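Chemist: Requesting a structural model of the entry that follows:
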Amino acid sequence: MPLFLFVAAVALLHRRAGPGTPTTPPAENIQVKVFHAGSLTGPFEKVKAAFEADHPGVTVLLEPAGSVDCIKKITEDGNSADVLASADYALIPEMMLSEHADWYLTFAKNRMVLTYSNESEYASEITAGNWYEILNRDGVQWGFSDPCGYRTPMVIQLAEGYYKNDTIFETLVENHSNITVTEENSTSAIHAADPGSDDTTLFIRPKADDLVRMVKSGDLDYAWEYRSVAVQNGLLFIELPEEIDLSSVDFAENYATVQTEAKKGDGTTFYVSSPIVYGVTVPKIAQHPDLGVEFVKMLIGATGQEILVADGQPPIVPAGGYGNVPAGLQPLVAVKA
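Modeler: Here you go, the predicted model:
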């Protein structure tokens, strides 16, 4: 190449690059990992989008599963997560404090509903007063998932007292799964360590999304879900009395008369029925704890509150704080203990 052409080419490249333009590649994208209950998928996808827009170079990885399974991935499998959000806040102090987390927040509420579609068997007949009769009819297929996996049997057991019918749990659950119930001192103990449904009448699946798809496709007539999941997925649903749907602190004492035995590590533990309140924390094993706290800050702040309301999950304002709540969150939190 003639010298004048070489010099011209170098000059052109310099002008395109501009003075001081770095020649090193951009920094590696930071990935913030969030383990969360399946019922939070809708709002968390929106929080993820807002968070990534505010934090260039950061990608939020959402991993939905049942709340117990989310926690076990951390406490038993040693997987790292920057945020852990549970559909049952009580699981965090029960399963994570203080070895795996120092603090947690309560940030949203929900309630159990029975979802269905226009194509479901007896869709035109089902009501809050006869749902347990409809589910027991020949040919009707229904299901539930984790964490509804331990909450659904609780609701069904509570229904026996409310409707004054002591055969509801046996006909709906015991006859179609390995789940049993025993009574002692006015407390019902549901044994669900190995639930094992028959998959002809009753279908138990790991995630809420699995059953949503089955109801929408017509493969299932009815599924127990959180109200928020029903709203987010456009499903029809029956709202139950507050005495049994786990939505009200006014009936917390009544809810607590039912507990469920489920797997924990190599053994089992009992979960006491309580109002549905969501909890969130940043685990000690987090690789990016500061960004985890920032994600939680957006979740409990104005952006997250607006998203939760739109998705049918009333936010708790201010969020309740327990343990060593990070200083960056305290202005948005009512510290309880």
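Chemist: do you know how far the residue nearest the centre of the chain is from C70?
Modeler: Against the mean C-alpha coordinate of the chain, by C-alpha atoms, centre = their mean, the closest residue is A37 at 2.2 Å. Per C-beta to C-beta, to the nearest Å, A37 is found 7 Å from C70. For glycine as for every other residue, the C-beta is placed from the backbone atoms N, C-alpha and C.
Chemist: Then S80?
Modeler: 13 Å.
Chemist: Spell out which residues are contacts of both of A37 and C70.
Modeler: Both A37 and C70 are in contact with 85-86, where contact means C-beta atoms under 8 Å, 6 or more residues apart in numbering.
Chemist: Contacts only, for the residue nearest to the centre of the chain.
Modeler: Counted by C-beta under 8 Å, 6+ apart, A37 has contacts 64-67, 70, 85-87, 147, 278.
Chemist: Which two of those have the greatest separation?
Modeler: Spanning the widest gap among these are A65 and Y278, at 14.7 Å by C-beta to C-beta.
Chemist: More neighbours: which of those two?
Modeler: Y278 (29 against 19; other C-beta atoms under 10 Å).
Chemist: Wait, the more buried one touches T106, no?
Modeler: Yes: Y278 is within contact range of T106, at 6.9 Å (criterion: C-beta atoms under 8 Å).
Chemist: Overlap of the contact sets of those two?
Modeler: Common neighbours of Y278 and T106 are listed as Y89 (criterion: C-beta under 8 Å, 6+ apart).
Chemist: Domain map for this protein?
Modeler: The chain breaks down into these domains under automatic domain parsing: 30-109+276-335, 112-272.
Chemist: Report the next helix or strand after the helix or strand of the chain with the lowest mean pLDDT in sequence order.
Modeler: One helix or strand of the chain scores below all others by mean pLDDT, DSSP states H and E: helix 3-17, with a mean of 43. Under the assignment DSSP states H and E, the closest C-terminal helix or strand after helix 3-17 is strand 30-37.
Chemist: Mind listing residues that contact the helix or strand hosting E94?
Modeler: According to DSSP H and E, E94 maps onto helix 91-95. Residues outside helix 91-95 that contact it (C-beta under 8 Å, 6+ apart): 67-68, 71-72, 75, 84, 86, 101, 104, 264, 269, 271, 279, 281, 322.
Chemist: do stretch 227-242 as well
Modeler: So stretch 227-242 is in contact with 38-39, 41-43, 110-118, 120, 123, 126-128, 131, 155, 159, 162, 208, 212, 215-216, 225, 245, 248, 250-251, 311-313, going by C-beta under 8 Å, 6+ apart.
Chemist: Please narrow these to those residing in helices.
Modeler: Secondary structure assignment by DSSP state H places 41-43, 131, 155, 159, 162, 208, 212, 215-216 of the contacts of stretch 227-242 in helices.
Chemist: the strands in the stretch 51-200 of the chain, which residues?
Modeler: 58-65, 83-86, 103-109, 112-116, 142-145, 180-184, 187-191 (DSSP state E, counting those that start in this stretch).
Chemist: What of the stretch 201-337 of the chain?
Modeler: 202-205, 222-226, 236-239, 258-264, 267-272, 277-281, 315-323, 333-335.
Chemist: Tell me which strands the second one pairs with, and in which orientation.
Modeler: To tie it back to what came earlier, the one meant is strand 222-226. strand 112-116 (antiparallel), strand 142-145 (parallel) (DSSP bridges).
Chemist: In JSON lines, list the ones you listed along with mean pLDDT, distance to L291 and mean neighbour count.
Modeler: Output for the strands paired with strand 222-226, formatted as JSON lines (pLDDT from 0 to 100; distance: least, C-beta to C-beta, whole Å; neighbours: other C-beta atoms under 10 Å):
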{"stretch": "strand 112-116", "mean pLDDT": "97", "distance to L291": "33", "mean neighbour count": "25"}
{"stretch": "strand 142-145", "mean pLDDT": "94", "distance to L291": "30", "mean neighbour count": "26"}
